[in-house]
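**Student:** got a predicted structure plus its sequence, pasted below:
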2 protein chains.
Amino acid sequence: MTNRILMFLLVLSIPSFAQKKDKTWRYLFNGKDLSGWKQVNGKAPYAVENGMIVGTTVAESPNSFLATEELFGDFIFEVEFKMDDGTNSGVQFRSEQRPEDGKVFGYQLDIDPTPRKWCGGIYDESRRQWLYPLEYNVAAKNAYKNQLWNTIRIEAIGSNMRTWINGIPCANIVDDMTPKGFIALQVHSINDAKDAGKKVWFKNIRIKTENLQASPIDNIFQLNLLPNKITEQEKANGIVLLWDGKTTEGWRGAYKDKFPEAGWEIKDGTLSVVKSDGAESRNGGDIVSNNEYAAFDLQFEFKLTEGANSGVKYFVTEKENNQGSAIGLEFQILDDDKHPDAKMGVVGNRTLSSLYDLIPAAKNPRGIKKIGEWNQGRVIVYPDNRVEHWLNGYKVIEYTRGNNIFKALVARSKYADWQNFGMAEQGRILLQDHGDKVSFRSIKIKILK
Amino acid sequence: MTNRILMFLLVLSIPSFAQKKDKTWRYLFNGKDLSGWKQVNGKAPYAVENGMIVGTTVAESPNSFLATEELFGDFIFEVEFKMDDGTNSGVQFRSEQRPEDGKVFGYQLDIDPTPRKWCGGIYDESRRQWLYPLEYNVAAKNAYKNQLWNTIRIEAIGSNMRTWINGIPCANIVDDMTPKGFIALQVHSINDAKDAGKKVWFKNIRIKTENLQASPIDNIFQLNLLPNKITEQEKANGIVLLWDGKTTEGWRGAYKDKFPEAGWEIKDGTLSVVKSDGAESRNGGDIVSNNEYAAFDLQFEFKLTEGANSGVKYFVTEKENNQGSAIGLEFQILDDDKHPDAKMGVVGNRTLSSLYDLIPAAKNPRGIKKIGEWNQGRVIVYPDNRVEHWLNGYKVIEYTRGNNIFKALVARSKYADWQNFGMAEQGRILLQDHGDKVSFRSIKIKILK
């Protein structure tokens, strides 16, 4: 590089005026003391040093939080954040304390620089746990810079909550569980006393609460927990409801012309199998989508009752003219603890979210919900025939429809005798009636090309 | 950008002197006519236009070649090359014509811009077919720029032949089948008359034949066809002989202290199972490497006799104390046409190069050799437990040892009852005695970390 260019670049890097506080923001920390803040949990000390809030990990303390005294509903929040290596932090928002013991709960932008790299994901502290692990948005896994300053941004406007780290969109959820609460800076508990003394730094803590302009819609995955609703972002990304939340429209009985007269119930935005005798497809029978799908991203919420069995099948063509449940690849739905089918098949390949009788789901224990809670299921079939099963934010299965491994699995399964099993170019989505009460809602699909 | 910088960059882009021919090269084409060249096959016309040789595809012609009259043994060759979209070309070297019909055969740097992207690979025209498809070196798949000028380089020095496109190393073989021959410019035959009239351009065709300096050793895969030899490049990349080509050193009988007294023969650089009754591990019995391996890249050449059966197993620990062949993951070696085991198992998972009884090899028909010809086998186990089987330059199997799919396959295989099958942290390499004559040579291994 010539000296002339070097000079030019040096000049560019010198700011022409001292940095000033941006007047469109309101600063929540005065740079001098902790006025307006209160420690609500834990024993980790928070101090003010050089215009920054500094938290320090301590042994034998639960998670510590320094919370705003003021509560915030809709806002855009930013902070500059830095942390020592090997610890964990986060920013609570729309959060509260449990009346009985004062424990903090609610949404948290998590700073979790472990190898899974979920910094910027949304964790529901002391409540539903992980809502938006970055498996939903792997492109964001490298947004956080360890041991360096990071700019964190949270937009909470209406039911939509979105996070960014260093300008990279990380998480996006739609949820209405808690519309308002404090903002709090976390110092995580430590398991090992040798990790005491690690520091987290926060500076330029700022918020806007008026005339809020949401960032433009993007194309990262949005976890929408509002039942049977399509958001603007989902609409913009080609996601449509496969069930309207109210009627039988778009569905019919498998091997039938019409929706079953009985055996299925639509009530309060849920579509449920009516409990009968636990047998396969004998009461109302399975239902299938009117439309067929080739490559798609299918989302659905489901809720089990004790001991229940059901399933979501795909690439169902009804060409087999078989008795019982129509043939297709199946995302298994099962109470693994109470239903005997969980112990059948091999190595767990009939358990919840498995590819039924073929591939056992590699489930993360934190992705398993209690019976009676809603689960997020997802099946993605890419145009090149890679297929994924997801359960509650975790990818549990990945396979390639039709490759040599798939063929070997099918040939030694209960599907061995069905010609061309699972290989239809397109097929219907099926919800299984296995005689047990299982409920569905928020069934959505996006066609992939 | 300021005008000053723009000016500076413009100045940089203007060469300070006109391009001259490099005097260290000898130019094989005079830029005016085809003196020194002769068309040896095909009807595609070759013309001289603007200092370039231009070939044009024609219907109803076999592959056409414009060859040097002079023969070249050791050389470094370069040419600038451009081609219309949707056709195929290449540069023959150390090539000859068959006495009986004049057909050109020998090494070819192939220009094959189909989706598999094998431009720069080495094809053995009208002889052994693909020697070095770019599956061996996927990093080179984007070296060739379609419809643009490309610089092609071939180094043929001693038994080593290496290719580059635009400075990117593509192929590297070691072979002594033909040490000398002509260089020839190919216009490929066409299957469809509508593809007639497509052009290929060659210019600045240049060669060095004296004081040759080979390019430095690099780390791309080298296909070394010299039996039981380790080249400098292989040595530099950590590849060692697992069998020395002469003695029983480094090997012993499975479940035995010593190498079998009988049942195996070492002769002319090959290690062969002596034919007995076709039963499993009863005559000399299997042999295993003295050393155990965790992650590795194993290469071996093998040759079948009619109806023969053998195998190369890995992660063999001899902890099962079983009768018959010691337990391990097996790269199957079989005469698929004549041995009945090819029809057993399911979907071909006992055929040549399959993961025995688990995953059928997805074999490319062009990667299947005649019985009696040497095959290149390869098993790669990466440190993260991804495993690949290769046969004659094609990856035929890819799986992950220990994942949910692997467990499901094992649970419904002949290995179902072996605890922890295939999951040893490290194990021996085993060559199987199945009572049929099968020969091995060039057994090499590289430890991966």
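**Tutor:** Good, I have the coordinates. Numbering: from 1, shown residues only, chains lettered A, B, ... in the order given.
**Student:** tell me the buried residues in stretch A:228-247?
**Tutor:** By 16 or more other Cβ atoms under 10 Å in any protein chain shown, the buried positions in stretch A:228-247 come out as A:228, A:231, A:233, A:234, A:237, A:239, A:242, A:243, A:245. Where you see a C-beta, it was placed from the backbone N, CA and C, and this is true even at glycine.
**Student:** domain parsing for chain A?
**Tutor:** Chain A breaks down by automatic domain parsing into domains covering A:26-208, A:228-447.
**Student:** ok, which of those comes nearest chain B?
**Tutor:** With Cβ to the nearest Cβ as the criterion, chain B lies closest to domain A:228-447 of these, at 3.6 Å.
**Student:** chain center to the closest one: distance?
**Tutor:** In terms of Cα atoms, centre = their mean, to the nearest Å, the gap separating the centre of domain A:228-447 from the centre of its chain is 19 Å.
**Student:** briefly note if it comes near chain B.
**Tutor:** Yes. Among the residues of domain A:228-447, A:346-347, A:349, A:358-362, A:397, A:399, A:403-405, A:407-409, A:411-413, A:416 lie within reach of chain B under Cβ under 8 Å from any Cβ of the partner chain.
**Student:** narrow those to those in strands?
**Tutor:** Among the residues of domain A:228-447 next to chain B, the ones falling in strands (DSSP state E) are A:397, A:399.
**Student:** and residue A:194, what are its phi and psi?
**Tutor:** Phi and psi for residue A:194, reported as degrees, to the nearest 10, are phi -70, psi -20.
**Student:** then the one 10 residues further on?
**Tutor:** Backbone dihedrals for residue A:204, given as degrees, to the nearest 10, come out at phi 50, psi 50.
**Student:** that one: how many residues sit nearby?
**Tutor:** As a burial measure, residue A:204 scores 20 neighbours (other Cβ atoms under 10 Å in any protein chain shown).
**Student:** need the pLDDT of residue A:323.
**Tutor:** At residue A:323 the predicted local distance difference test score is 88.
**Student:** and if you look at the one 4 residues further on?
**Tutor:** With respect to pLDDT, residue A:327 has a value of 97.
**Student:** kindly report the same for residue A:9.
**Tutor:** On pLDDT, residue A:9 comes in at 46.
**Student:** then the one 4 residues further on?
**Tutor:** Taken from the predicted model, the pLDDT recorded for residue A:13 is 42.
**Student:** go on, the one 3 residues further on?
**Tutor:** We have a pLDDT of 38 for residue A:16.
**Student:** of the residues of domain A:228-447 next to chain B, buried ones?
**Tutor:** With neighbours counted by 16+ other Cβ under 10 Å, those contain buried members at A:346-347, A:349, A:358-362, A:397, A:399, A:403-405, A:407-409, A:411-413.
**Student:** need the helices for the stretch 151-300 of chain A, in chain order.
**Tutor:** Along the stretch 151-300 of chain A, the stretches classed as helices by DSSP state H, counting those that start in this stretch are A:232-236.
**Student:** make CSV out of the buried residues of stretch A:228-247 and add distance to residue B:284.
**Tutor:** Rendered in CSV, the data for these read as follows (distance: Cβ to Cβ, whole Å):
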residue, distance to residue B:284
A:228, 70
A:231, 70
A:233, 68
A:234, 67
A:237, 64
A:239, 64
A:242, 63
A:243, 66
A:245, 71
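**Student:** wait, which of these is closest to residue B:218?
**Tutor:** Comparing the buried residues of stretch A:228-247 against residue B:218 with Cβ to Cβ places residue A:237 closest, at 44.3 Å.
**Student:** can you tell me how far the spatially closest residue to that closest one that is not a sequence neighbour sits from residue A:296?
**Tutor:** The spatial neighbour of residue A:237 that comes closest, neighbours along the chain excluded (Cβ to Cβ, 6 or more residues apart in numbering or on different chains), is residue A:219 at 5.6 Å. Using Cβ to Cβ, to the nearest Å, one gets 17 Å for the distance from residue A:219 to residue A:296.
**Student:** one step back: show me the buried ones among the residues of domain A:228-447 next to chain B that map onto helices.
**Tutor:** A:404, A:405, A:407, A:408, A:409, A:411 (DSSP state H).
**Student:** show me which of these is closest to residue B:271.
**Tutor:** residue A:404 (29.9 Å).
**Student:** residues touching that closest one, list them.
**Tutor:** Contacts for residue A:404 were tallied using Cβ atoms under 8 Å, 6 or more residues apart in numbering or on different chains; they are B:347, B:359, B:360, B:361, B:362, B:397.
**Student:** turn those residues into JSON lines, columns for pLDDT and distance to chain A.
**Tutor:** JSON lines is the format used below for the contacts of residue A:404 (pLDDT from 0 to 100; distance: Cβ to the nearest Cβ, whole Å):
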{"residue": "B:347", "pLDDT": "96", "distance to chain A": "5"}
{"residue": "B:359", "pLDDT": "98", "distance to chain A": "5"}
{"residue": "B:360", "pLDDT": "98", "distance to chain A": "5"}
{"residue": "B:361", "pLDDT": "98", "distance to chain A": "7"}
{"residue": "B:362", "pLDDT": "96", "distance to chain A": "5"}
{"residue": "B:397", "pLDDT": "97", "distance to chain A": "7"}
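**Student:** residue A:125: which of those is nearest?
**Tutor:** Sorting the contacts of residue A:404 by distance to residue A:125 puts residue B:359 at the head of the list, at 44.1 Å, by Cβ to Cβ.
**Student:** I'd assumed residue B:409 was in contact with that closest one.
**Tutor:** Yes. Because the distance of 6.7 Å satisfies Cβ atoms under 8 Å, residue B:359 is recorded as touching residue B:409.
**Student:** identify the contacts common to those two.
**Tutor:** Shared contacts of residue B:359 and residue B:409, defined by Cβ under 8 Å, 6+ apart, are found at A:405, A:408.
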